[in-house]
Every structure is written in structure tokens, then in C-alpha cells.
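**Student:** Quick one, structure for this:
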Amino acid sequence: MKKKSMSIILAIFLCLCFIASVPAMEQGNKRKGKYTYRKVYKACQQRGEVDSATPPLSPADKTQAEWKQIFESKTMDGFGCKEEWANLNESQISDIYSYLFSFAADSPSPAKCK
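**Tutor:** Numbering: from 1, shown residues only. As a prediction, this is how the structure comes out:
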């Protein structure tokens, strides 16, 4: 009887640990993220900060772990266009993260082109 109850408690604990380990930002909409990511650089180009409206980083330029680290530490310096990034809300950043993470170099379906 003790083994059975310990097994159930252990199973519940493992489930809770797994659920807690899933990153919260991964819940964004990757289609919206792709649109928002491109929109940021289009606005940045119109303002004159960059020469091209094409984002400098493709999702396949980094692995999923690298994208996760960037967005968890909130170090968006590598993206440029600081003004546009500062104006994004958490939902938009979550969407962009989902897009970049889903099509990272080591994902099941990495992005093929920019």
C-alpha cells in the first residue's frame, strides 16, 4: 500500500515539474510573431535607422536554446531598432519568441530563407 501511494505522489510531482519547466513565452502565436517581427524592421527602416526592412536575424540563425536565452534575459541589443522593440508589449514579444523558437536551426522545421 505504501509503495502504491508513493508511486502516485512521485507521478504527480513529476507531472508538476514537467509543466513548470515549459517556458511561458512559448505560448505565443508564431504567425503573429512573424508578422510583428517584420513590422518592427519595416518601421525601423521608415524611421531611417536601418537600410533594409528585412530583419537582420533569421530564426535559423540561432538554436532554440539560444533564442530561449535571449528572450529570458531580455537582451534585445543584437536586434537593433531599440525604439521599436521598446514599444512592443509582452504579448507581441511572446509571439516573436514563438516564431523564432519554432523555426530555429535545431527545430523540426527550421526556417529556410529570410
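**Student:** Can you tell me the centre-most residue of the chain?
**Tutor:** Tyr97 (1.8 Å; C-alpha atoms, centre = their mean).
**Student:** ok, and for the strand or helix carrying Tyr97, which residues are buried?
**Tutor:** Assessed by DSSP states H and E, Tyr97 sits inside helix 90-102. Going by neighbour count (16 or more other C-beta atoms under 10 Å), the buried part of helix 90-102 is Gln92, Ile93, Ser94, Asp95, Ile96, Tyr97, Ser98, Tyr99, Leu100, Phe101, Ser102. Every C-beta, even on glycine, is put in place using the N, C-alpha and C of the backbone.
**Student:** What's the mean pLDDT across that helix?
**Tutor:** In this model, helix 90-102 has a mean pLDDT of 93.
**Student:** Other residues contacting it?
**Tutor:** Outside helix 90-102, the residues that touch it by C-beta atoms under 8 Å, 6 or more residues apart in numbering are 24-34, 36-37, 40, 57, 59, 62, 64, 67-68, 71, 88, 107, 109.
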